[in-house]
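Asks: Mind folding the following:
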Amino acid sequence: MITISEAIQIVETHCVPLFKSSLKPIEKAGGYQLFSDVMSPISMPPFRQSAMDGYAVCLHDGLTYRLIGEIKAGDSHQIILKKGEAVRIFTGAPVPDTANAVIMQEKVTVKNLQITLASKTTINHNIRPVGEQVKKGELALKKGTKLTPAAIGYACSLGIQNVSVVKKPHIAIVTTGNELVEAGNPLSYGKIYESNSKMLQNALYNLKFYDVTIHKVEDDYAKTRDKLEEVINENDLVIISGGISVGDYDFVGKALEALNVETLFYQVKQKPGKPLFFGKKEDTVVFALPGNPAAALTCFYIYVYIALQKMMGKNEVELPRTKAKSLSNFIKNGDRPQFLKAIYHHGNVEILEGQSSAMLQTYALANALVYMPENVSKIEMGNPVEVILLPA
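Replies: The predicted model follows:
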């Protein structure tokens, strides 16, 4: 049995960036990271552009100009201005090559076909030059950039339709257990509804990992081995729920050994989630989580989360941690470090009831975990504690 810090270090060491690319339509690339630099195919703006509604003028010594036309956004005709002439112009419209300033309409008096400026202006005032944001052939978005809504909008403004992004891992969730029944079916004596697969799938969706398949296998050695061989061959990350303990009908460990999955650790000194397995076969990472739902979810947040961030090439791989004042008393049984379901709010944290590894009722309310180290046996109200903030 190893410590939590040792287990985290092993996960960080053995999970590496996928270094695979995928071509995505720009409208479906949100949340991905760019696999390579994006160079701008055009200058932006591609023409001299008016920054506001007003009048484009060809400057001369006076304040009065003769109005000779109008240019709206989207117009493509060129108007030639002589000194002392002006055109009505609107935000985003192309500024004629012969105009050298745009005067906002609030600073202009209009009478018939003549405008009078309130004061003199400077050359290129209120004109966005060609390539003000980016010039053709320049770096538009750097490799590794996360494609936020703003980045998507920027790429679209450059006419970019597809981008090469860092491929997210193919993930398989495998649930084991003859006692498990799918929702919608009658619940006979001795059976329970299966929840871990949907819970873990939605934890992955919440982190924007959508390439997830779910598989169910009975408590049978041959079927377990065959299913695990299939998903390990076809996925980058395999998450197994249940069947990793040492009971007579726990076949996951035996099947992984038969498939030559390298055991990197098995059993961590922690509560909940002691019977946690982490291994690897070639480039596929394998986690076998405890079957108890709260234990499975805690192991996901503490270890699987790190693996996912490493596979995506992130530098910050653990969930954020902070210090908070406890609003609760808690006494720990045993000497294992413990992760406690909790609610964190503005520097304070409430430790919830129902800390059993089988109970999700209070986990459904939690937005944090309080970490209780090995050498701490009790928490008293007002004590400072370490808090792990769960994904929103």
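
Asks: What distance do you get for the closest residue in space to Ile351 that isn't next to it in sequence to Met199?
Replies: Closest residue to Ile351 in three dimensions, ignoring its sequence neighbours and counting by Cβ to Cβ, 6 or more residues apart in numbering: Ser328, at 3.9 Å. The way it works is simple: take the backbone N, C-alpha and C, and place the C-beta from them, glycine included. Distance, Ser328 to Met199, using Cβ to Cβ, to the nearest Å: 25 Å.

Asks: Repeat that for His60.
Replies: For His60, the distance to Met199 (Cβ to Cβ) stands at 73 Å.

Asks: quick one, which of these two is more surrounded?
Replies: It is Met199, of His60 and Met199, that has more neighbours when counted by other Cβ atoms under 10 Å, with 19 against 12.

Asks: And that one, how far from Ala296?
Replies: With Cβ to Cβ as the criterion, Met199 and Ala296 are 7 Å apart.

Asks: ok, now Met381?
Replies: Distance of Met381 to Ala296, computed by Cβ to Cβ: 30 Å.

Asks: tally of neighbours for the residue nearest to Leu352 when sequence neighbours are not counted?
Replies: Leaving out its chain neighbours, the residue that sits closest to Leu352 by Cβ to Cβ, 6+ apart is Thr362, at 4.1 Å. Thr362 has 18 neighbours, counted by other Cβ under 10 Å.

Asks: Now do the SS call for Thr362.
Replies: The three-state label for Thr362, taken from DSSP: H, G, I helix; E, B strand; the rest coil, comes out as coil.

Asks: is it true that it touches Ser356?
Replies: No - shown here, Thr362 and Ser356 do not form a contact pair, counting by Cβ atoms under 8 Å, at 9.1 Å.

Asks: And Met381 and Ala296? Which one has more around it.
Replies: Relative neighbour count places Ala296 above the other of Met381 and Ala296, with 30 against 11, counting by other Cβ under 10 Å.

Asks: does Gln201 count as helix, strand or coil?
Replies: What three-state DSSP gives for Gln201 is helix.

Asks: how about the nearest residue to it, chain neighbours excluded?
Replies: In space, and not counting its chain neighbours, Gln201 is closest to Val212: 5.3 Å by Cβ to Cβ, 6+ apart.

Asks: Provide a list of residues in contact with the one you found.
Replies: Contacts here follow Cβ atoms under 8 Å, 6 or more residues apart in numbering; on that basis Val212 touches 171-173, 201, 204-205.

Asks: what's the burial count for Cys156?
Replies: Here the number of neighbours of Cys156 (other Cβ under 10 Å) works out to 12.

Asks: Also Lys120?
Replies: Around Lys120 sit 10 other residues, with neighbours defined as other Cβ under 10 Å.

Asks: Number of residues surrounding the residue nearest to it when sequence neighbours are not counted?
Replies: Counting by Cβ to Cβ, 6+ apart, the nearest residue to Lys120 once its immediate chain neighbours are dropped is Leu63, at 7.0 Å. When neighbours are counted by other Cβ under 10 Å, Leu63 registers 14.

Asks: Surely Leu63 and Gln114 touch.
Replies: No - counting by Cβ under 8 Å, Gln114 is not a contact partner of Leu63; they are 10.8 Å apart.

Asks: what is in contact with those two at once?
Replies: Joint contacts of Leu63 and Gln114 (Cβ under 8 Å, 6+ apart) do not exist.

Asks: Now for the residue nearest to Leu352: which residues touch it?
Replies: For Thr362, counting by Cβ under 8 Å, 6+ apart, the contacting residues are 341, 352-355.

Asks: now with 7 Å?
Replies: Contacts were defined as Cβ atoms under 7 Å, 6 or more residues apart in numbering; by that measure Thr362 touches 341, 352-354.

Asks: residue boundaries of the helices in the chain?
Replies: Read by DSSP state H, the chain holds these helices, from start to end of the chain: 4-14, 149-157, 196-206, 221-234, 252-258, 293-299, 305-311.

Asks: so what's the backbone phi/psi at the closest residue to Gln309 other than its chain neighbours?
Replies: Among residues not flanking Gln309 along the chain, Val317 sits closest, at 4.0 Å (Cβ to Cβ, 6+ apart). Backbone torsions of Val317, given as degrees, to the nearest 10, read phi -110, psi -20.
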